[in-house]
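*Asks:* I would like the atomic coordinates for the input below:
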Amino acid sequence: MRSIDHWINGTTVPSTSGNTSPVYNPATGEVQAQVGLASVAEVDNAVAVAKTAFKTWRSSSLSKRAEVMFKFHELVLSHRVEIAELVSIEHGKVPSDAAGELARGIENIEFACGIPQLMKGSYSEQVSTGVDVYSIKQPLGVVAGITPFNFPAMVPMWMFANAIATGNTFILKPSEKDPSVSMLMAQLLKEAGLPDGVFNVVQGDKVSVDRILSHPDIAAVSFVGSTPIAKYIYSTGTANGKRVQALGGAKNHMVVLPDADIDMAADAAVSAGYGSAGERCMAISVVVAVGDVADKLVPAIAARLPKLKVGPGTDPTAEMGPLITREHRDKVASYITNAPGEGATIVVDGRENDLPQEGFFLAPSLIDNVKPGMKAYDEEIFGPVLTVTRVATYEDAVQLVNDHQYGNGTAIFTRDGGAARQFQFDIQVGMVGINVPIPVPVAYYSFGGWKASIFGDSNMYGPAGIEFFTRTKTITSRWPDPSTSSVDLGFPRTR
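*Replies:* Numbers count the residues shown, from 1 in each chain. Below is the predicted model of the structure:
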């Protein structure tokens, strides 16, 4: 049985805790590896190493940091097939989804390559007679990232690219469900010239998380995951004096107005609702059909689902893979089971498809007439179940979205530019798409929702990421007037 270890001080380090967790192949249901779970002492060791490495890395030039990021970018590109295969094997993503994840992660490396420009401060001359004021950005020290299973390559890149480029040292605690990608990235960073100890990987569970949140030498923690855990991470980390960014769950609505292009909207709903088996925080979960548009839209979506091929990531023709675990698959299926009893209508039942007997598969499902108060509407399903809610007017649609506890992402489909512009003004959601179903910002903007989708006020990556992993120092300076000096400075003393 393959063992997955930690990465500390530039090398693999076997776990000594004696605790392990199985790593499944979701497409077969078989245990393919055991990952060692760190003890408190092992986390402490990684932090001590990172603290020592910070002294040197913090003093490295911006050009040196940029050089490492450029080289790392080249290495990721040359190993992109290998990375995508690891994502498929441990997460279950089909090749197209794995490649897409990696492409969005690479954007963040490219952004971090511009660190000499991104670290610029500001300067004001002569704020008072003979007095200048300027500000500089400085790294925090040892920082940590706690990442989810659904994007084992992309989300760590959201964090460590900016953290390392700004001069911090980084400890990554990846999901124990798909930990191998983090180890490969660690090896590539070393090959890119990153000094030992700057990037470390600690495998683990709640023991590791709690030690990261309490360790006095960790200055900041970045997290992406479910809302209950995000709330816990934020409250615990800040109580221990840490800077924390914690992104939580989502229930993303896609509003379709009566004038929308039905084919475009149906294609978008399918790709955004079922891509990556619905296991992404920006997946469309609710289609809000305004007026009578549902009468055409629901059949159009339903007609597309039998054509969506479900299969393992090893199948290059598969368009949707399995879910991460058997337990999660069964939980997602329970929303379909409960829907009729709550008054909803099952249009397509993914439990009835001819699916592989092995693995954690569930085919796409479509549920109509879903309303607030039903579990399928109120809760984050995080699987291939798309629901449809019917409302009478645009105002009803906006109210529906704004009333939901989550405010991560939303989209509107319409041909009316005025309606689209009004929507972006009215809606209380952090990321908005106009005829774009998954409005994930490019890496030179920042990612973050509103309401219960985020704790604290710091968004992820982009400019917000630079701000999160640095702190500003402002210097006010006054120098003696050269004309009053008795020392010959070699230039005229008069101004």
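*Asks:* what's the closest non-adjacent residue to Phe160?
*Replies:* Nearest residue to Phe160, sequence neighbours excluded (C-beta to C-beta, 6 or more residues apart in numbering): Phe170, at 4.7 Å. For the C-beta atoms, the positions are set from N, CA and C on the backbone; glycine is no exception.
*Asks:* repeat that for Met159.
*Replies:* Nearest to Met159 is Gly145, by C-beta to C-beta, 6+ apart, at 3.9 Å.
*Asks:* surely Thr389 touches Val287?
*Replies:* Yes: counting by C-beta atoms under 8 Å, Thr389 does reach Val287; the two are 7.2 Å apart.
*Asks:* between the two, point out the one with more neighbours.
*Replies:* A side-by-side neighbour count of Thr389 and Val287, using other C-beta atoms under 10 Å, places Val287 first with 31 against 25.
*Asks:* now the helices for the stretch 151-300 of the chain?
*Replies:* Under the criterion DSSP state H, counting those that start in this stretch, helices of the stretch 151-300 of the chain are mapped to 154-165, 180-191, 206-214, 227-239, 262-274, 294-304.
*Asks:* got the phi and psi for Ile115?
*Replies:* The phi/psi pair for Ile115 (degrees, to the nearest 10) reads phi -60, psi -30.
*Asks:* residues near it, how many?
*Replies:* Using other C-beta under 10 Å, Ile115 has 21 other residues around it.
*Asks:* tell me the pLDDT of it.
*Replies:* On pLDDT, Ile115 comes in at 98.
*Asks:* can you tell me the closest non-neighbouring residue to it?
*Replies:* Spatial nearest neighbour of Ile115, chain neighbours left out: Ala165 (4.1 Å); criterion: C-beta to C-beta, 6+ apart.
*Asks:* need the winner for burial among the helices of the stretch 151-300 of the chain.
*Replies:* Stretch with highest mean neighbour count among these: helix 154-165 (a mean of 28; mean count of other C-beta atoms under 10 Å).
*Asks:* tell me what angle it forms with helix 180-191.
*Replies:* If you take axes from the mean of the first three to the mean of the last three C-alpha atoms, to 10 degrees, helix 154-165 sits at 30 degrees to helix 180-191.
*Asks:* minimum distance to Ser59: which of the helices of the stretch 151-300 of the chain has it?
*Replies:* For those, proximity to Ser59 was assessed by C-beta to C-beta; helix 154-165 is nearest, at 14.2 Å.
*Asks:* next, the contact list for the most centrally placed residue in the chain, please.
*Replies:* In the chain, the centroid-proximal residue (C-alpha atoms, centre = their mean) is Val155; its distance is 4.0 Å. When contacts are counted by C-beta atoms under 8 Å, 6 or more residues apart in numbering, Val155 touches 105, 147-148, 224.
*Asks:* if you rank those by neighbours, which is first?
*Replies:* Of those, with other C-beta under 10 Å as the count, Thr147 tops at 27 neighbours.
*Asks:* give me every residue that touches it.
*Replies:* Under the criterion of C-beta under 8 Å, 6+ apart, the neighbours of Thr147 are 155-156, 159, 172-175, 223-225.
*Asks:* quick check, Ser458 in a helix?
*Replies:* No: applying DSSP: H, G, I helix; E, B strand; the rest coil, one finds Ser458 to be coil, outside a helix.
*Asks:* take the contacts of Val155 and keep only those in strands.
*Replies:* Within these, residues falling in strands by DSSP state E are Val224.
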